[in-house]
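1. Quick one: sequence plus predicted model below, questions after.
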Amino acid sequence: EDQVTQSPEALRLQEGESSSLNCSYTVSGLRGLFWYRQDPGKGPEFLFTLYSAGEEKEKERLKATLTKKESFLHITAPKPEDSATYLCAVQAGGSARQLTFGSGTQLTVLP
Amino acid sequence: GAGVSQSPSNKVTEKGKDVELRCDPISGHTALYWYRQSLGQGLEFLIYFQGNSAPDKSGLPSDRFSAERTGGSVSTLTIQRTQQEDSAVYLCASSSTTGGGNIQYFGAGTRLSVL
């Protein structure tokens, strides 16, 4: 059974204080690993897809990396507007296309 | 439209009543998914439609839940004889199987409250 575990559950940072969120996964043949951002009362907003170990992607203050067992979302010099819940999900190989999500990391960036 | 549209945004119902939730995917997207997000929990897969193929219903929690997709576009998720444990946010997503690959784009969701 595919499984995704995110840590920490919650993280409070001061503005400008860099940190990383962790996503550990077990999946039968990884088709892709996805990071989403979710603001209160809204649906998840796509950030990144990573397909193979060693791959990295960046967008503004965010950088996602992937190994065979986990992914990290690095946040450099965060701002209060980066406060949100960050969700990690995996898509397995084969015919299934649904995503298996972790429970998320709730990030709060204090001014 | 520009994104995935869901309606209603909020639905309050009484235990035992039936509800219908609607999803309008991004134009041209052939794949459509329904997920459920309960308070403090991760998103849980419910059902997946791909073109004209038979849907993958493996995530539906009971036979009170059903969904259909008409004309390969709009989808309706129906919950019969609602129970309090059905209270959650129901999210719809769509994706294209070409170009952008498997990226799923989500709507804002329908918040269902069963009293």
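-> Nice, thanks for sending it over. Fair warning: this is a prediction, and the values are worked out from it, not measured in the lab.

2. Could you report the separation of the closest residue to B:A2 other than its chain neighbours from A:G41?
-> Excluding its sequence neighbours, the residue lying closest to B:A2 (Cβ to Cβ, 6 or more residues apart in numbering or on different chains) is B:I26, at 7.8 Å. Bear in mind the C-beta positions are built from the backbone N, C-alpha and C, glycine included. In this structure, B:I26 and A:G41 are 21 Å apart, going by Cβ to Cβ, to the nearest Å.

3. Pick out whichever of those two has more residues nearby.
-> Shown here are B:I26 and A:G41; by other Cβ atoms under 10 Å in any protein chain shown, B:I26 has more neighbours (17 against 10).

4. tell me the contacts of the closest residue to B:S96 other than its chain neighbours?
-> Once flanking residues are discounted, B:S96 sits nearest to B:H29: 5.1 Å by Cβ to Cβ, 6+ apart. Shown in contact with B:H29 (Cβ atoms under 8 Å, 6 or more residues apart in numbering or on different chains): B:S94, B:S95, B:S96, B:Y105.

5. Format those residues as JSON lines; extra columns: neighbour count and secondary structure.
-> Shown next, in JSON lines, are the contacts of B:H29 (neighbours: other Cβ atoms under 10 Å in any protein chain shown; DSSP: H, G, I helix; E, B strand; the rest coil):
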{"residue": "B:S94", "neighbour count": "25", "secondary structure": "strand"}
{"residue": "B:S95", "neighbour count": "22", "secondary structure": "strand"}
{"residue": "B:S96", "neighbour count": "17", "secondary structure": "coil"}
{"residue": "B:Y105", "neighbour count": "19", "secondary structure": "strand"}
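
6. Lowest-confidence member of these, which is it?
-> Lowest in pLDDT among the contacts of B:H29 is B:S96, which has 88.

7. Name the helix or strand for the residue lying farthest from the centre of chain A, please.
-> Distance from the centre of chain A peaks at A:S95, with 23.7 Å (Cα atoms, centre = their mean). Per DSSP states H and E, A:S95 falls between elements, in no helix or strand.
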